[in-house]
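**Student:** requesting a structural model of the entry that follows:
(one chain, ligands or ions: 1)
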Amino acid sequence: KILILDFGSQVTQLIARRVREAHVYCEVHPCDVGSDWVRQFAADGRLKGVILSGSHASVYEVDDKAPDAVFELGIPVLGICYGMQTMANQLGGKVEGGHTREFGYAEVRAHGHTALLKGIEDFATPEGHGMLKVWMSHGDKVTQLPPGFKVMASNASCPIAGMADEARHYYAVQFHPEVTHTVQGAALLTRFVREICGARADWVMSDHVEEAIARIREQVGDEEVILGLSGGVDSSVAAALIHRAIGDQLTCVFVDHGLLRLHEGDMVMEMFEGKLHAKVIRVDASELFLSKLAGVSEPEQKRKIIGGLFVDVFKAEAAKLKQAGGGHKGASFLAQGTIYPDVIESGGKKAVTIKSHHNVGGLPEQLGLKLLEPLRDLFKDEVRELGVALGLPHAMVYRHPFPGPGLGVRILGEVKKEYADLLRRADAIFIEELRACIDEKTGKSWYDMTSQAFTVFLPVKSVGVMGDGRTYDYVVALRAVQTSDFMTADWAELPYTLLKKVSSRIINEVRGINRVTYDVSSKPPATIEWE
Ligand code: XMP
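**Tutor:** Numbering: from 1, shown residues only. Next up, the predicted model:
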């Protein structure tokens, strides 16, 4: 196993991810665990190497250092950025504040033939020097090597961009191998953990299930857990995982706000109650939500109402569970499907707020519950892989994201049941056809080739003709986008044949809609959702 000590960089989990991708087991722990802890962690003889992460701070701002035990175990150590600087400081070298901050793309020369960089290069200079394309982000730098070290990499602005003491198997780089901008980064990390540390490459995602289950059992003990199940990927995978770990100690609450997709509620129940035999309380709150939304057309106000009601309904259910009696003391944990990108977005490990789009903001405090977040360290694609390893259906795990306020933000202006019913049916047709349409070049369905696709209800009427009669009905817009991060997005160039089929099916099958349009706006300046 590999120990990653976290000095607070935003990309520490990326190091873990790269190590997992090399099929090596690793754990991330805070840098201040202390020497006794490190010795204890190594006591079973499985610890093969340590990686010191970067930090958002400078060695001059914080005095975080690696526990001394790290350098007493006789195993390889890799320092990254701040991790390199603290290594230099602790082993007798020198770090100085740079006058210029180096940030972003850089090229560094890989010197000599260290076991870490040998043969790894992106291009060679005319003189035959191997060069690496890397990503740098630092102000300080190492200016004097500690005894026993030699320069492993350099460039003009950072003469010691990498250093190594090969006798002790200590390596350090000023750049960030964990980010994809460092072209050889993954290769470098793989080589460190597998060849230099000699860690076993036998870790697979299904092992994560066992590890995560053990951790959940340890954290929860014999207490009870309550989880808000939305039907989305993250809460579904969290629910399946926690249920696997503690069975009936978990109660899922599924709030149907009446703004879900067609048959969604039934599908969630069938999966979790029917197949997994989890305890699920389905709350049909659609009338409550619709009545409070009546007459409201301003998007932010709609979101606030939906979010607020969700919290109220969830709290009421939690309270009911507590009163259920029969020695039932109620839940002491609130489980959430928070994933790593949510943790970063909400301010890193030290200031984690609740994922607002789970619509349970502030709930743990209000309910006096502890948080259980078993997916906190994983990236979205890893969560999906975990879902598959847990036996969830592919179609559920690879679903497009769906916003917490649901159809509430896809019905423009005032939300009415009539609109929601029309929209649900039109949307189901669009999604069905996207799944059925296979692209010849890639062999994938257009559902899988888009990041998010849905239908928007426009509460305006337009004139049409059907048979011999005139129609005067509503309009829907189809939206399909491709994006990697949902911060920017391109509208998808869906095949005309597909659009044609969707349009004719919606108009023929959904009475009340007589016109279908396709949204050709990218983000920015448009957003993905219409509200
Ligand atoms: P926009 O419309 O801002 O959406 O381009 C970006 C992504 O966020 C989703 N989204 C939400 N998800 N609660 C959510 O859970 C929300 O209130 C919400 N608003 C937007 C949207 O579906 C897209 O994937």
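
**Student:** C-alpha from now on. contacts and neighbour counts both.
**Tutor:** OK.

**Student:** biggest strand in this protein by residues?
**Tutor:** Across the chain, the longest stretch assigned as strand under DSSP state E is strand 94-110.

**Student:** and the strand or helix carrying Glu211, what does it pack onto?
**Tutor:** Per DSSP states H and E, Glu211 falls inside helix 205-220. Of the remaining helices and strands, those touching helix 205-220 by 3 or more Cα pairs under 8 Å, 6 or more residues apart in numbering; DSSP states H and E are helix 233-246, helix 380-389.

**Student:** if you average pLDDT over the longest one, what comes out?
**Tutor:** The average pLDDT within helix 233-246 is 97.

**Student:** after that helix comes which helix or strand?
**Tutor:** Downstream of helix 233-246 (by DSSP H and E), the next one is strand 250-256.

**Student:** give me the residues contacting that following strand.
**Tutor:** Applying Cα atoms under 8 Å, 6 or more residues apart in numbering, the external contacts of strand 250-256 come out as 224-230, 239, 242-243, 265, 278-286, 310, 313-314, 317.

**Student:** just these: which are in helices?
**Tutor:** In this view, those that belong to helices under DSSP state H are 239, 242-243, 265, 286, 310, 313-314, 317.

**Student:** which of these sits closest to Leu372?
**Tutor:** Closest to Leu372 out of the ones in helices among the contacts of strand 250-256 is Ile242 (9.3 Å), distances taken as Cα to Cα.

**Student:** in the stretch 101-250 of the chain, which segments are predicted with low confidence?
**Tutor:** By pLDDT under 70, the stretch 101-250 of the chain contains no weakly predicted segment.

**Student:** which parts of it sit against the ligand?
**Tutor:** Taking Cα under 6 Å from any ligand atom, no part of the stretch 101-250 of the chain reaches the ligand.

**Student:** can you name the residue of the stretch 101-250 of the chain nearest to the ligand?
**Tutor:** The nearest approach of the stretch 101-250 of the chain to the ligand comes at Gly232, 9.2 Å away (Cα to the nearest ligand atom).

**Student:** let me see the contact set for that residue.
**Tutor:** When contacts are counted by Cα under 8 Å, 6+ apart, Gly232 touches 396, 399, 401-402.

**Student:** just name the most buried of the helices and strands packed on helix 205-220.
**Tutor:** Of all the helices and strands packed on helix 205-220, helix 233-246 has the most neighbours on average by mean count of other Cα atoms under 10 Å, namely a mean of 23.

**Student:** next structured bit after the least confident helix or strand in the chain by mean pLDDT?
**Tutor:** For the chain, using mean pLDDT, DSSP states H and E, the weakest element among its helices and strands is helix 340-345, scoring a mean of 74. Next along the chain after helix 340-345, taking DSSP H and E as the criterion, comes helix 363-367.

**Student:** using PDB, write down the CA coordinates of that next one.
**Tutor:** In PDB, the C-alpha atoms belonging to helix 363-367 read as follows (Å, rounded to 0.1, in the frame of the first residue of the first chain):
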ATOM      1  CA  LEU A 363     -29.900  19.600   7.500                       C
ATOM      2  CA  PRO A 364     -27.300  17.700   9.500                       C
ATOM      3  CA  GLU A 365     -27.000  20.600  12.000                       C
ATOM      4  CA  GLN A 366     -30.800  21.200  12.100                       C
ATOM      5  CA  LEU A 367     -31.400  17.500  12.800                       C
END
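
**Student:** next secondary structure element downstream of that helix?
**Tutor:** Next along the chain from helix 363-367, counting by DSSP H and E, comes strand 370-372.

**Student:** tell me what that next one is packed against?
**Tutor:** In this structure, strand 370-372 makes packing contacts with strand 333-335, judged by 3+ Cα pairs under 8 Å, 6+ apart.

**Student:** average model confidence for the strand it packs on?
**Tutor:** Predicted confidence along strand 333-335 averages 95 (mean pLDDT).

**Student:** contacts for it next, please.
**Tutor:** Contacts to strand 333-335, defined as Cα under 8 Å, 6+ apart, come from residues 220, 223-228, 238, 364, 369-373.

**Student:** before we move on, what about stretch 521-531?
**Tutor:** Residues outside stretch 521-531 that contact it (Cα under 8 Å, 6+ apart) are 299, 409-410, 412, 456, 479, 481, 486-491.

**Student:** walk me through which strands whichever helix or strand comes after the longest strand of the chain pairs with, and which way each runs.
**Tutor:** Of the helices and strands lying after strand 94-110 in sequence (DSSP H and E), the nearest is strand 123-124. Using DSSP bridges, the strands paired with strand 123-124 in its sheet are strand 130-144 (antiparallel).

**Student:** how far does the helix holding Glu211 sit from its chain's centre?
**Tutor:** 18 Å (Cα atoms, centre = their mean, to the nearest Å).

**Student:** what does it contact?
**Tutor:** The set of residues that contact helix 205-220 without belonging to it, under Cα under 8 Å, 6+ apart, is 241-242, 244-246, 333, 374, 382, 385-386, 389-390.

**Student:** one more pass at 7 Å, please.
**Tutor:** Helix 205-220 is touched from outside by 245-246, 374, 385-386, 389, with contacts defined as Cα atoms under 7 Å, 6 or more residues apart in numbering.

**Student:** next one: stretch 19-29
**Tutor:** The set of residues external to stretch 19-29 that reach it, using Cα under 7 Å, 6+ apart, is 1-6, 16, 189-190, 199-204.

**Student:** now do stretch 187-197
**Tutor:** The set of residues that contact stretch 187-197 without belonging to it, under Cα under 7 Å, 6+ apart, is 19, 22, 48-49, 76, 116, 177, 199-201.

**Student:** inside helices: which ones of those?
**Tutor:** Val19.

**Student:** against the ligand, how distant is the residue nearest to Glu298 when sequence neighbours are not counted?
**Tutor:** In this structure, Glu298 finds its nearest non-sequential neighbour in Gly413, 6.4 Å apart by Cα to Cα, 6 or more residues apart in numbering. Counting by Cα to the nearest ligand atom, to the nearest Å, the gap from Gly413 to the ligand is 15 Å.

**Student:** thought Gly413 was touching Gln301?
**Tutor:** No: with contact defined as Cα atoms under 7 Å, Gly413 and Gln301 do not form a contacting pair (10.5 Å).

**Student:** before we move on, the earlier item: give me the buried entries from the contacts of Gly232.
**Tutor:** Among the contacts of Gly232, those classed as buried by neighbour count (16 or more other Cα atoms under 10 Å) are 396, 399, 402.

**Student:** can I get the buried part of the contacts of stretch 187-197 as one PyMOL selection?
**Tutor:** Buried subset of those, written as a PyMOL selection, criterion 16+ other Cα under 10 Å:
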select buried, resi 19+22+48+49+76+116+177+199+200+201
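
**Student:** among the contacts of stretch 187-197, which pair sits farthest apart?
**Tutor:** Greatest spatial distance among the contacts of stretch 187-197 (Cα to Cα): Pro177 and Arg200, at 20.6 Å.

**Student:** of the contacts of stretch 521-531, which is the nearest to the ligand?
**Tutor:** Minimum separation from the ligand among those (Cα to the nearest ligand atom) is found for Phe486, which lies at 5.2 Å.
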